[in-house]
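> Provide a 3D model corresponding to the input given below.
(chains A and B)
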Amino acid sequence: MNNIDYNKIKNDFILKKDEIYLDNAATTKRLKQNISLLENYQLNNLANINNKNIKNSITSSNIVENTRTLIKEFLNANKEDSIIFTKSATESLNIAISGILNSLLYTKNTNSNKEINIVSTVLDHSSLIVPVINSINEYNSKKGIIKKEYTKNINLKLANINDNYTLDYSNLEEIIDEKTNVLLLTLKSNVTGEIIKLDKVFDILSKKKSKPIIVADASQLIGQNKLDLNKYNMDFVCFSGHKIFSNFGVGVLYIKNSNKTTKNTNISLKPLLYGGRMTQDIKVDKTNNNYITTFSNDESYYEAGTMNIESILTLNTAINYINEIGIDNIQNYISNLTNYLYNKLKSEIQDIIIYSNIDYGSAIVSFNIPNIHPHDITSILESNNIYIRSGRICAYNLVNEKMNFSVNRVSLSIYNTKEEINIFVNALKEIVRIFN
Amino acid sequence: MNIINDDIRRMYNDILTSNLKDKSNHYIIEKKENTIDDNIVVYSKKGINVNCGDEITIYIKVDKKENKIIDISYFGIGCAISKAASNIICKNIKKEDNNIDTLKEVREYINNFLATIKENDKIKEDELVNKYNFKEETALFGSKYLPSRIKCATLSWHTLNELLDEINNETLEEI
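Numbers count the residues shown, from 1 in each chain, chains lettered A, B, ... in the order given. Below is the predicted model of the structure:
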């Protein structure tokens, strides 16, 4: 760790002078090296993929395939696992969740599948919980026209939080049993910054003899904390590139041991989009007036249409950059910085309510100050070039129910410094003075 | 050294000192009063700022015979700017001798305010200050330094305007 010069890191990023950017959980700043890299690609290599006759097309294909391999190594995944490129974590989660639920719900009943039990937590971001709710509502609205032998009951249970806003693992244990079909895990809360203790979760699963399909949202965790998929057996993992320094427009869906039918889960996961590249053949059956399609067996099955090669290229650079610094170093640096921020807020802002926990050290600190609306705080800070986030921040179950409808959120990254935190906390103190 | 810039500090100081702490207009006017006198009618409308989650209801008690608002209040949740703006509009409509008397004048007052905050026109701003004896309203013009907050400053003004539209349609009388 000592050989890393954290002051130099600022120079690696496209940062505006005099701006203090503390909204990294929304999106991170971008790497400078991508500017020349993209220019070079667009000048010398620009081509769509899968045209094996053109050299540049092969280069583009290589960018995509190399990035898949790089991500597998980054996650310590197996060779047989799949890395699928989407446009966002939301798209990844939609493919996984609607695919799993459609596969479970629209099959003929046997003794064991009349009931579909889904377990999640109140920490969920909308991108995880809304696809679930939507699939359930859609199924229930069709119940009248679904044959009796296909009709199922769906139960969705969310594990609650304790009074100190940490996940209530005993509640999670209560709602998990051997009948649980699907477990949805927000690996790190975008509100409190709490990192789910996977050891604890897997202990509960083995204790309860439960073997659900696991879908994990790693959007806030990735790039800041280590994720070892060899150690933790999860079936689907989703994240986006733009929260780890890549451009917008690329998300990742990891599928364990997969493809069309994942060997682990026996789920036949359907794509969201149909079109080019995924299609290998179309035959016309003239006697029955039918079209018969043959789809690819690899990742492209879920990647219909043109890929965002430029963003995938920037994701490649970003992961290499993270590897260069070392995920452990990043984790340590951010942990120290988060603790510094937490302690400073706690000791210098009177009556502050902090929803994050001191031992998280995970980049995110959310808070409220009594009688000062978060939007007032954000916009006063914004007018002075300090950027944080406020509102319900896409976690309705948590913020609406437990945190009085709106919170302030500070989220750090590798290029933030203690000096910036000092300026932010001083500005916050001034705001408190204005309001009192 | 101050980190917060002076314009923003002034706007918040002006608004907060005079309005945020003043709770005298933060109440509900009950509709049951509608049954007491045919000429006295209570109307209300909720204004919502979807992005911020502000939800503020404007209540008015109208004397239809006199064509005047005889009571006005606001109630709900919101940020400092939207609450202060609600208080300012209530206070000034209640005030006498400021050319905001009849329903028609109330509408003129609202439209003038909304046009000025939107156009960011200093000359028009000064005209309004003279005409209506604007003081605290000008503090709201400070929200132009925070473009994302103009919606907060104008929420209750738009709500009252829409409410007057609805009354207009209902009574078919020009107000």
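
> count of neighbours near whichever residue of chain B sits closest to chain A?
Nearest residue of chain B to chain A (C-beta to the nearest C-beta) works out as B:C79 at 3.8 Å. C-beta coordinates here come from the backbone N, C-alpha and C atoms, glycine included. Residue neighbour count, defined by other C-beta atoms under 10 Å in any protein chain shown, stands at 27 for B:C79.

> List phi and psi for the residue lying closest to it once chain neighbours are set aside.
Of all residues not flanking B:C79 in the chain, A:H373 sits nearest, at 3.8 Å (C-beta to C-beta, 6 or more residues apart in numbering or on different chains). With angles defined as degrees, to the nearest 10, A:H373 sits at phi -70, psi 140.

> from memory A:H373 sits against B:A84, does it?
No. With contact defined as C-beta atoms under 8 Å, A:H373 does not count as touching B:A84 (11.1 Å).

> Pull out the buried positions in stretch A:185-198.
A:185-196, A:198 (16 or more other C-beta atoms under 10 Å in any protein chain shown).

> Now the helix or strand of chain B with the lowest mean pLDDT: buried residues?
Lowest mean confidence among the helices and strands of chain B (mean pLDDT, DSSP states H and E): helix B:136-141, at a mean of 75. Buried positions in helix B:136-141, judged by neighbour count with 16+ other C-beta under 10 Å: B:136-141.

> circling back to that earlier point, show me the two of the buried residues of stretch A:185-198 that sit farthest apart.
The distance between the two most remote of the buried residues of stretch A:185-198 (C-beta to C-beta) is 19.3 Å, for A:V191 and A:L198.

> Indicate whether the lowest-mean-pLDDT helix or strand in chain A makes contact with chain B.
Least confident helix or strand of chain A, by mean pLDDT, DSSP H and E, is helix A:396-402 with a mean of 76. No. Judged by C-beta under 8 Å from any C-beta of the partner chain, helix A:396-402 makes no contact with chain B; its nearest approach is 9.1 Å.

> Quick check: which helices or strands does the next helix or strand after that helix pack against?
Later in the chain than helix A:396-402, the nearest helix or strand by DSSP states H and E is strand A:407-411. With contacts taken as 3 or more C-beta pairs under 8 Å, 6 or more residues apart in numbering or on different chains; DSSP states H and E, strand A:407-411 sits against strand A:364-368, helix A:374-382, strand A:389-391.

> how about 10 Å then?
helix A:327-348, strand A:364-368, helix A:374-382, strand A:389-391, helix A:396-402, helix A:418-435 (3 or more C-beta pairs under 10 Å, 6 or more residues apart in numbering or on different chains; DSSP states H and E).

> Give the buried residues for the first one.
For helix A:327-348, the neighbour count (16+ other C-beta under 10 Å) marks A:327, A:329-331, A:333-335, A:337-338, A:340-342, A:344-345 as buried.

> and what of the fifth one?
Buried residues in helix A:396-402, defined by neighbour count with 16+ other C-beta under 10 Å: A:396-399, A:402.

> Which of the residues you listed sits closest to chain B?
Comparing these against chain B with C-beta to the nearest C-beta places A:V399 closest, at 9.7 Å.

> Was I right to think the closest one contacts A:I161?
No. The criterion here is C-beta atoms under 10 Å, and A:V399 misses it with A:I161 at 11.7 Å.

> which residues do these two both contact?
Residues touching both A:V399 and A:I161 (C-beta atoms under 10 Å, 6 or more residues apart in numbering or on different chains): A:122, A:355.

> what does chain A put close to chain B?
Residues of chain A found near chain B (C-beta under 10 Å from any C-beta of the partner chain) are A:20, A:371-386, A:390-392, A:399-400, A:404-406, A:423-424, A:426-431, A:433-436.

> Any quick PyMOL command for the buried ones out of the residues you listed?
Selection of buried members from the residues of chain A next to chain B for PyMOL, criterion 16+ other C-beta under 10 Å:
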select buried, chain A and resi 20+372+373+374+375+376+377+378+379+380+381+382+383+384+385+386+390+391+392+399+405+406+423+424+426+427+428+431+434+435
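
> ranges for the helices of the chain?
No chain was given, so I picked chain A. A:6-9, A:33-40, A:55-74, A:89-105, A:126-141, A:169-175, A:198-207, A:309-325, A:327-348, A:374-382, A:396-402, A:418-435 (DSSP state H).

> switch to chain B, that's the one I care about
B:6-15, B:80-94, B:103-119, B:122-132, B:136-141, B:150-171.

> List just the one of those helices that sits closest to A:N357.
Of the helices of chain B, nearest to A:N357 by C-beta to C-beta is helix B:80-94, at 29.2 Å.

> what does the average pLDDT come to for that closest one?
Averaged over helix B:80-94, pLDDT sits at 91.

> Are there helices or strands packed against that helix, and which ones?
helix A:374-382, helix B:6-15, strand B:40-49, strand B:54-63, strand B:68-77, helix B:103-119, helix B:136-141, helix B:150-171.

> May I have the residues that are in contact with the residue nearest to B:C79?
Neighbour list for A:H373: A:379, A:390, A:405-406, A:408, A:435, B:52-54, B:77-83, B:152 [criterion: C-beta under 10 Å, 6+ apart].

> If we use 7 Å, what do you get?
Going by C-beta atoms under 7 Å, 6 or more residues apart in numbering or on different chains, A:H373 touches A:406, B:79-80.

> now those in a markdown table, with distance to B:D22?
Formatted as a markdown table, the contacts of A:H373 follow (distance: C-beta to C-beta, whole Å):
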| residue | distance to B:D22 |
| --- | --- |
| A:S406 | 23 |
| B:C79 | 16 |
| B:A80 | 12 |
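
> What parts of chain B come near chain A?
Contacts of chain B with chain A, taken as C-beta under 7 Å from any C-beta of the partner chain, map to B:2-5, B:8-9, B:12-13, B:16, B:52-53, B:79-81, B:145-146, B:148-149.

> A:I175 and A:K157, how far apart?
Separation of A:I175 from A:K157 (C-beta to C-beta, to the nearest Å): 4 Å.

> Confirm for me that A:I14 is in contact with A:K32.
Yes. The criterion here is C-beta atoms under 7 Å, and A:I14 meets it with A:K32 at 5.6 Å.

> low pLDDT regions in chain B?
Residues of chain B meeting the criterion pLDDT under 70: B:1-2, B:33-35, B:171-175.

> residues contacting the most centrally placed residue in it?
Centroid-nearest residue in chain B: B:I89, 3.0 Å away (criterion: C-alpha atoms, centre = their mean). Going by C-beta under 7 Å, 6+ apart, B:I89 touches B:156-157, B:160.

> By neighbours, which of those wins?
B:S156 (28 neighbours).

> Could you give the number of residues near the spatially closest residue to that one that is not a sequence neighbour?
Spatial nearest neighbour of B:S156, chain neighbours left out: B:S86 (4.1 Å); criterion: C-beta to C-beta, 6+ apart. Neighbours of B:S86 under the rule other C-beta under 10 Å: 29.

> just checking, B:S86 touches B:F75?
No. With contact defined as C-beta under 7 Å, B:S86 does not reach B:F75; the gap is 8.9 Å.

> tell me the contacts of the residue of chain A positioned farthest from its centre?
What lies farthest from the middle of chain A is A:T287; by C-alpha atoms, centre = their mean that is 47.5 Å. The contact partners of A:T287, by C-beta under 7 Å, 6+ apart, come to none.

> Phi and psi next, for it.
The phi/psi pair for A:T287 (degrees, to the nearest 10) is phi -70, psi -40.

> Tell me the spacing between it and A:T293.
17 Å.

> and if you look at B:V129?
For B:V129, the distance to A:T293 (C-beta to C-beta) stands at 71 Å.

> Comparing those two, which shows the higher neighbour count?
Ranked by neighbour count (other C-beta under 10 Å), B:V129 and A:T293 place B:V129 first, with 15 against 11.

> Verify the stated contact: the more buried one with B:T138.
Yes. Using C-beta under 7 Å, B:V129 is in contact with B:T138, at 6.3 Å.

> returning to what we had before: for the helices and strands packed on strand A:407-411, which has the smallest mean pLDDT value?
helix A:396-402 (a mean of 76).

> ok, the closest residue to A:N230 other than its chain neighbours - contacts?
The spatially closest residue to A:N230, leaving aside those adjacent along the chain, is A:N76, at 4.4 Å (C-beta to C-beta, 6+ apart). Residues in contact with A:N76 (C-beta under 7 Å, 6+ apart) are A:228-230.
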